[in-house]
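Undergrad: Show me how the following folds:
(2 chains)
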Protein chains: 2
Amino acid sequence: MCELLGMSANVPTDICFSFKGLKERGGRTGPHKDGWGVAFYENKGVCTFKDALPSYQSEIARLVSDYPIKSTAVIAHVRQANRGRVALANTHPFTRELWGRYWTYAHNGQLSAYKGLPVNRFQPVGTTDSERAFCFILSELAKRYPDKQPGPKAAFRYISKLLPQLQQLGVFNMLLTDGEYLLAYCTTKLQWITRRAPFGMARLSDVDVDIDFSKETTPNDVVTIIATEPLTNNEQWHKMHPGEQQLFRFGEPVSF
Amino acid sequence: MCELLGMSANVPTDICFSFKGLKERGGRTGPHKDGWGVAFYENKGVCTFKDALPSYQSEIARLVSDYPIKSTAVIAHVRQANRGRVALANTHPFTRELWGRYWTYAHNGQLSAYKGLPVNRFQPVGTTDSERAFCFILSELAKRYPDKQPGPKAAFRYISKLLPQLQQLGVFNMLLTDGEYLLAYCTTKLQWITRRAPFGMARLSDVDVDIDFSKETTPNDVVTIIATEPLTNNEQWHKMHPGEQQLFRFGEPVSF
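TA: Okay, here's the model as predicted:
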């Protein structure tokens, strides 16, 4: 299995604090030692760091946890390989361009019979069930709207109709973003928290680090963090139930 | 304008030495201060670091120049913006997936009338002439071979027939790779050097750094470096002439 981490924010925000917790689960406090990756959006642009090494030992992960890269949408992942060997090509998150936007995705879980998922316009590069499911989602989306992007909510509504098919193949916890909207889908484990004023202290579960968000934020900041398991041990996270999905935009949960 | 750097090697090799030179041109010894990026292939997987900051000041660029990431195909770029503002979405190199392979590209030069270049399957995310030309190349390639990859040389032969169209629009020095083959196309400035046994000393032009490659290599290593201007001042580089193109594979120039 793997662990997911996502962020949606209304102002460019770094993910150093949360990533410090996640990276420990990549081989030290968790068994997810088979690679890690993180994608940061800056408007429509995206920059992805990834590495097939355990994140807790990776020099690149150390940079990401110490150097504040500001973003309004982030997806990160630490991997414990099941389908597909340990290799950069099998390391999440995955990104593809559709309609002049970058779509980025990461998956936690394991699918059976995934090789039968039809893909056409988007083809997997690696051999994971995860990447094939991503290519299936985007191929279907491109087939439904071949020429141009419908309203963004219409695109996510269409995606949400595809997800139960994937749930039938196994465990499918997922984060997917176009850089503006971020969709979280839960079949077993996914939790989120929205932080806003008045901000307080937060303490990581996996390493002895705490932060006073009131010193790091302005009163208008709204930041949602989504994770497989809560990253802090002194806050109340919202636990998603099987089959639940939630869309976020600029830090806020939105209906669609 | 911008500067390009590429590497093709027969064994996984780091690009720290050459990148140390290039990164200085990103704002210190050269005017290319409007972002930088570098893509490293590990077999079919690719990892791209990019940043809209000047490379000579970037923490991420410092990591890339100090931390040996081993790869057999690399494309790097430092940018001086002309078409398209300074932004992550306009920062090279650009990557797209076609036929289950990642294609990565960077451009040096400036094109006029580039907005008329037809693109369909691949759409630009940013606003540069460079990314539009890349989407044109891949869209034409996908149109010619819609279902699956022809032989890799056939794909590069088809690409090479498209390039004179781009040359007619302005300056078009380019590096393009599928992770195995790397194509260099020159309309004004591009030079390359192949290093093989017996290896010797090399000295960077832009910063006081030298290296004894005989201590860093094995006798069978073959590594080609391609750059806008030679990065070393004690070696003989091959200067490409306008309209010249050269394909490389595993460090060796190959015909196609």
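Undergrad: Model confidence for the residue lying closest to A:Val74 once chain neighbours are set aside, exactly?
TA: Spatially, and ignoring its direct neighbours in sequence, A:Val74 is nearest to A:Met7 (4.1 Å; CB to CB, 6 or more residues apart in numbering or on different chains). (C-beta placed from N, C-alpha, C; glycine too.) We have a pLDDT of 98 for A:Met7.
Undergrad: pull the CA atoms of the helix or strand hosting A:Met7 into CSV?
TA: Here A:Met7 is covered by strand A:2-13, with elements defined by DSSP states H and E. Taking Å, rounded to 0.1, in the frame of the first residue of the first chain, the C-alpha atoms of strand A:2-13 are listed here in CSV:
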residue,chain,number,x,y,z
CYS,A,2,1.0,3.6,0.1
GLU,A,3,0.2,6.9,1.7
LEU,A,4,-1.3,10.0,0.1
LEU,A,5,-0.9,13.7,1.0
GLY,A,6,-2.7,16.6,-0.7
MET,A,7,-3.1,20.3,-0.2
SER,A,8,-5.6,22.9,-1.5
ALA,A,9,-5.1,26.5,-0.4
ASN,A,10,-6.4,29.9,-1.3
VAL,A,11,-2.9,31.5,-1.1
PRO,A,12,0.4,30.0,-2.1
THR,A,13,1.4,28.0,0.9
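Undergrad: Give me the contacts around the helix or strand that that strand is followed by.
TA: Later in the chain than strand A:2-13, the nearest helix or strand by DSSP H and E is helix A:16-25. Helix A:16-25 has contacts (CB atoms under 8 Å, 6 or more residues apart in numbering or on different chains) with A:3, A:5, A:7, A:30, A:32, A:36, A:38, A:55-56, A:58, A:61-62, A:64-68, A:76, A:78, A:202, A:204-207, A:209, A:211, A:225, A:227, A:231-232.
Undergrad: elements contacting the strand holding A:Met7?
TA: Applying 3 or more CB pairs under 8 Å, 6 or more residues apart in numbering or on different chains; DSSP states H and E, one finds that strand A:2-13 contacts helix A:16-25, strand A:71-79, strand A:101-108, strand A:173-177, strand A:181-185, strand A:223-227.
Undergrad: Could you tell me which strands sit next to that strand in the sheet, and their orientation?
TA: Strand pairing for strand A:2-13, using DSSP bridges, gives strand A:71-79 (antiparallel), strand A:223-227 (antiparallel).
Undergrad: one step back: the helices and strands packed on strand A:2-13: lowest mean pLDDT?
TA: Among these, helix A:16-25 scores lowest, with a mean of 91.
Undergrad: for chain B, what are the nearby residues on chain A?
TA: Along chain A, the residues adjacent to chain B under the rule CB under 8 Å from any CB of the partner chain are A:42-52, A:59-60, A:63, A:67, A:87-91, A:96-97, A:99-102, A:121-126.
Undergrad: re the thing from before, please determine how far the residue nearest to A:Val74 is located from chain B.
TA: 16 Å (CB to the nearest CB, to the nearest Å).
Undergrad: In strands only, show me the contacts of helix A:16-25.
TA: A:Glu3, A:Leu5, A:Met7, A:Trp36, A:Val38, A:Ala76, A:Val78, A:Ala202, A:Ile211, A:Ile225, A:Ala227 (DSSP state E).
Undergrad: So which of these wins on neighbours?
TA: Of all the ones in strands among the contacts of helix A:16-25, A:Trp36 has the most neighbours under the rule other CB atoms under 10 Å in any protein chain shown, reaching 34 neighbours.
Undergrad: In contact with the residue lying closest to it once chain neighbours are set aside, which residues?
TA: Closest residue to A:Trp36 apart from its sequence neighbours, by CB to CB, 6+ apart: A:Ser55 at 3.7 Å. A:Ser55 is in contact with A:Leu22, A:Lys23, A:Arg25, A:Gly26, A:Gly27, A:His32, A:Trp36, A:Ala61, A:Val78, counting by CB under 8 Å, 6+ apart.
Undergrad: out of the residues you listed, who has the most neighbours?
TA: So for the contacts of A:Ser55 (other CB under 10 Å), the most neighbours sit at A:Trp36, 34 neighbours.
Undergrad: Okay, it and chain B: tell me how far apart.
TA: From A:Trp36 over to chain B (counting by CB to the nearest CB), the distance is 11 Å.
Undergrad: quick one: that residue and A:Gln57 touch, right?
TA: No: contact criterion CB atoms under 8 Å: A:Trp36 and A:Gln57 do not qualify, at 10.2 Å.
Undergrad: count of neighbours near whichever residue of the stretch 51-200 of chain A sits closest to chain B?
TA: Going by CB to the nearest CB, chain B is nearest to A:Leu88 of the stretch 51-200 of chain A, at 2.9 Å. As a burial measure, A:Leu88 scores 21 neighbours (other CB under 10 Å).
Undergrad: cool, the one 3 residues further on as well?
TA: The burial metric for A:Thr91, expressed as a neighbour count using other CB under 10 Å, is 29.
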